[in-house]
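>>> Mind looking at a prediction? Sequence and model below.
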Amino acid sequence: MLVLTRRTGEKIKIGDNIVVTVLSVEGGIVKIGIDAPRKINILRMEVLEQIQKENIDAAAKDVTDMAEVVEFFKRKLSGEKED
Amino acid sequence: MKIMTRKFGEIEIDKKKILVMPEGLPGFPGFERFILLEDPKSAPFCWFQSIEEANLALVVMNPLFFKPDYQLDLQTLIAGRDWKNVKQEELLIFVVINIKEGDPKNKITANLMGPLICNLENNEVVQIALCDSDYSHQYDVLEAISNKET
């Protein structure tokens, strides 16, 4: 991993058209500004990790017999109360 | 062509309906080709089934069934993927459904933070991540439909 030290207001250029600016550093929180073309996907890593985890969890479920779940869902959707 | 599926065993599918995930399915690197399977008995639940691996299938659903006000801005995706001639309203949207066993019985959550966006114009599907939205990755589906105004 490339490690660079930057001060508030300093920038890093990545490739032809991405510029990362350190906007502020306060109490362990770094505020970063990113200028990049609209088509570049920028994500907080933990968001991607949550999506991966949900996919893996969902795929691990036994979904071969859905009859009961479907029935339950439809009853709820039609507004039937449980009591 | 014939494929093996997790839910329906061996079935015949139309090659033209195969969907490709050019950016892959997060959590399952290496699997790129899928098909959306519907079964009237299980509607509106559908299966997003891998072509390559029979055991890889996710339950998915159109979120509008339980979250009618679900809204996305897909302009960045459309520009980024270079999807020409496609309007946002022509894209199909599905969310991954997670059915949890145990108590409370039949807890169903939906990942509203990572919807699957399907472009039927070129059969591409991308699972996007909504970074700056308030949508939950574990949205409680049953609570949402129980509390809806009727």
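Yes, it's here.

>>> in the chain, which spans are helices?
Picking chain A for this. Along chain A, counting by DSSP state H, helices occupy A:45-60, A:67-77.

>>> Not quite, go with chain B.
With DSSP H as the criterion, chain B has helices spanning B:75-80, B:141-146.

>>> one step back: with respect to the helices of chain A, which exhibits the lowest mean confidence?
Mean pLDDT values for those show the minimum at helix A:67-77, a mean of 81.

>>> Which strands or helices does that one pack on?
helix B:141-146 (3 or more Cβ pairs under 8 Å, 6 or more residues apart in numbering or on different chains; DSSP states H and E). C-beta: built from backbone N, CA, C; applies to glycine.

>>> Can you list the low-confidence ranges for chain B?
Where chain B drops to pLDDT under 70, the residues are B:102-106, B:148-150.

>>> Any idea which residue is closest to the centre of it?
Nearest to the geometric centre of chain B sits B:F94, at 3.4 Å (Cα atoms, centre = their mean).

>>> Number of residues surrounding the residue lying closest to that residue once chain neighbours are set aside?
Distances taken as Cβ to Cβ, 6 or more residues apart in numbering or on different chains place B:V60 nearest to B:F94, at 4.1 Å, with adjacent residues excluded. Look at B:V60: counted by other Cβ atoms under 10 Å in any protein chain shown, it has 24 neighbours.

>>> sorry, back to before: kindly reformat the helices of chain A as a markdown table containing mean neighbour count.
Shown next, in a markdown table, are those (neighbours: other Cβ atoms under 10 Å in any protein chain shown):
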| stretch | mean neighbour count |
| --- | --- |
| helix A:45-60 | 17 |
| helix A:67-77 | 15 |
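
>>> Any chance of TSV for these, columns distance to B:T109?
Below are the helices of chain A laid out as TSV (distance: least, Cβ to Cβ, whole Å):
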stretch	distance to B:T109
helix A:45-60	8
helix A:67-77	12
